[in-house]
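[1] Quick one, structure for this:
(4 chains)
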Protein chains: 2
Amino acid sequence: MEIGMAVEALAALAQGSRLSIFRLLVRAGKQGVAAGALGEELGIPPATLSFHLKTLAQAGLIKPRTEGRYVIYSADFAEMNKLIVYLTEHCCAGDAAQCAPINKC
Amino acid sequence: MEIGMAVEALAALAQGSRLSIFRLLVRAGKQGVAAGALGEELGIPPATLSFHLKTLAQAGLIKPRTEGRYVIYSADFAEMNKLIVYLTEHCCAGDAAQCAPINKC
DNA sequence: TCTACATTTCCAATATTATAGAAATGTTAA
DNA sequence: TTAACATTTCTATAATATTGGAAATGTAGA
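    Numbering: from 1, shown residues only, chains lettered A, B, ... in the order given. From the prediction side, this is the model:
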């Protein structure tokens, strides 16, 4: 990952509604959740929701797929992991003893 | 971690200069780096640097300590790990088989 | 086709954030 | 105690992001 993409992903997550959307999708797993259900669950009006979903998708953190008239979004776990690696890499100049371990998802 | 702090930490990292500062401090480990050295290394003028360092410190991601007339900043690895846990927790509703593993720092 | 429904796009108002020069604060060494 | 240095605060300007109503687009079923 290069810095521009990392900044974009972090900016996408750095907003309350979007962070809630993303965490809900992380919890949901690969099967994903329809846009409408997200808006219902989180109390976000359609136009605002669409804006936030677009922002997260543009950042690569979530992926839409169409099923009939529904658009179903799911978290991109590989992209999430790339972001985490980007944040933590070269930690403590390689001296792992200085660093706390990170749990798996 | 609760959502307000997570948003604040992500917002702190969602900016090119600050992300570069943080990654440099992650690489440096516990010993940290003086403010001036960070500005020198990254080409950021003093007032701008101070603004960004304050933002990162306020978010809990870095900690300052004073040594003579230098202020030395270091990454807070525990806080970084809390943020990562917050992002990834409850992944795939507990079905770990769906999830890619996350590397240690 | 017509109607209902899901989602997105358009738009304008509002709020937040980044930038860096100049001045202020605090520390060290001569 | 004076001069040099490190860092922060003050300030104004410029740039960017958030919000949601209304209208548009696309899909499904009667």
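
[2] Only C-alpha atoms from now on, for both contacts and neighbour counts.
    Fine.

[3] DNA strand D contacts on chain A?
    Chain A comes close to DNA strand D at residues A:12, A:14-15, A:17, A:44-48, A:51-52, A:67-69, as judged by C-alpha under 7 Å from any atom of the strand.

[4] hmm, 10 Å instead?
    Neighbours of DNA strand D within chain A, by C-alpha under 10 Å from any atom of the strand: A:7-8, A:11-18, A:43-52, A:54-56, A:66-71.

[5] Those residues in strands, which ones?
    Of these, the ones assigned to strands by DSSP state E are A:Thr66, A:Glu67, A:Tyr70, A:Val71.

[6] So which of the residues of chain A next to DNA strand D are in helices?
    A:7-8, A:11-13, A:16-18, A:46-52, A:54-56 (DSSP state H).

[7] before we move on, the earlier item: and DNA strand C, which of the ones in strands among the residues of chain A next to DNA strand D contact it?
    A:Thr66, A:Glu67, A:Tyr70, A:Val71.

[8] would you turn those residues into TSV with pLDDT?
    Below are these laid out as TSV (pLDDT from 0 to 100):
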residue	pLDDT
A:Thr66	97
A:Glu67	96
A:Tyr70	98
A:Val71	98
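
[9] Look at A:Arg69 and say how many residues are nearby.
    Neighbourhood size, A:Arg69 [other C-alpha atoms under 10 Å in any protein chain shown]: 6.

[10] how far away is whichever residue of chain A sits closest to DNA strand D from A:Ala34?
    Going by C-alpha to the nearest atom of the strand, DNA strand D is nearest to A:Gly68 of chain A, at 2.9 Å. Per C-alpha to C-alpha, to the nearest Å, A:Gly68 is found 11 Å from A:Ala34.
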